[in-house]
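>>> following is a predicted model, sequence given first.
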Amino acid sequence: MQIIIVSRHLKAARTLTIMPRHLVIGTGLLVTVILLAAFLVSWLSMHFRLPVAEDLVHAIQQEESRQASEHVANNLQLMATRLGELQGRLLQLDNLGSRVSDLAGIKQRKPAAPVSAPGQGGPYLPAPMSSDELQEEIERLAASVDRHTDEFSYMEFKLLEKRVESRVLPTTLPVKDAVLGSGFGYRSDPFAGLRARHDGLDFSAPQGTPIVAAADGVVSSADFHPDFGNVVDIDHGDGLTSRYAHMSMIEVVAGQMLRRGEKVGEVGTTGRSTGPHLHFEVRMLGVPQNPANFLKRGQEFAQVKRR
């Protein structure tokens, strides 16, 4: 590349020829000057604390400090909010637990009586919790909530167990408005006049009075028996059965599922009987039980008239 220089001081024009090496040398010198200038500014700022550089560094540090403070403050606020939520939830669980435990029949441990503290006083000087203290308190309350959840699961199981038990235990009076005759145990046989065992309860009622299932179950047999007459046996599960004898009419069949209070038949005097009544039995694994022990759990048995 050639450059022509024209000047009034020169008698004739001069021509400069720039070779590629000249460009490389020029570029190198320019870069060197820039680096030396940057080094000079850095050295001056370190040794003479140039106001512009110092203010810039200080501003950057303040911005970083502000952002860090905001981050910590936001985290503390979130942790405090979470702590308040856990405290409120725990208070609700405590109140609800007391009511549910009563329904489930579970006795809760009463807290120990508080020990009277010595007198205290002085000005209120707030002492906010640190992040570590907040985290520790949150973990403690979360563990307490988990423990209460486990207790509720147990109470739910007990309530379910209680509900199932109430459905399968024969506690419903099988005959309404009846008179209680012979009880469970020993008596004088109405035909032979001799001491004999009586494995159930006799409920005297007019012919045709409805007889209902004392609990949920499945009819295991519905047939005629020489001694019991028209008799129905209901299986309530786990070896527990009930028997309804001397009926004038059977209205169920073997294998039929029954709900508590559903009609089984009607009072009669079939089989070995002296008059219209229901002979009611409860057996556990084939062993006769006193039906009164089950019927007393219901509300109707206390109203039954006795002879």
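Cool, got the structure.
>>> going forward, measure contacts between C-alpha atoms and count neighbours the same way
Fine.
>>> helices and strands of the protein: which one bottoms out on pLDDT?
Of all the helices and strands that make up the chain, strand 2-5 has the lowest average by mean pLDDT, DSSP states H and E, namely a mean of 55.
>>> where along the stretch 151-300 of the chain do the strands fall?
In the stretch 151-300 of the chain, the segments counted as strands under DSSP state E, counting those that start in this stretch are 179-180, 185-188, 195-198, 201-204, 210-212, 217-225, 229-237, 240-250, 257-258, 263-267, 277-284, 287-289.
>>> nearest approach to residue 139 belongs to which of these?
Shortest distance between residue 139 and the strands of the stretch 151-300 of the chain, using Cα to Cα, is found for strand 229-237: 45.7 Å.
>>> please save the CA atoms from the closest one in PDB.
Output for strand 229-237, consisting of C-alpha atoms alone and laid out as PDB, is shown next (Å, rounded to 0.1, in the frame of the first residue of the first chain):
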ATOM      1  CA  GLY A 229     -89.500 -75.700  65.200                       C
ATOM      2  CA  ASN A 230     -89.000 -73.200  62.500                       C
ATOM      3  CA  VAL A 231     -85.400 -71.900  63.300                       C
ATOM      4  CA  VAL A 232     -83.000 -69.600  61.600                       C
ATOM      5  CA  ASP A 233     -79.200 -69.400  62.400                       C
ATOM      6  CA  ILE A 234     -77.300 -66.300  61.400                       C
ATOM      7  CA  ASP A 235     -73.500 -66.200  61.200                       C
ATOM      8  CA  HIS A 236     -72.000 -62.800  62.200                       C
ATOM      9  CA  GLY A 237     -68.400 -63.800  61.600                       C
END
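>>> now it: buried residues?
Residues of strand 229-237 classed as buried under the neighbour-count rule (16 or more other Cα atoms under 10 Å) are 229-236.
>>> and which of these is nearest residue 28?
Within those, distances to residue 28 taken as Cα to Cα reach their minimum at residue 236, with 103.6 Å.
>>> surely that closest one and residue 218 touch.
Yes - the pair residue 236 and residue 218 qualifies as a contact (Cα atoms under 8 Å) at a distance of 6.6 Å.
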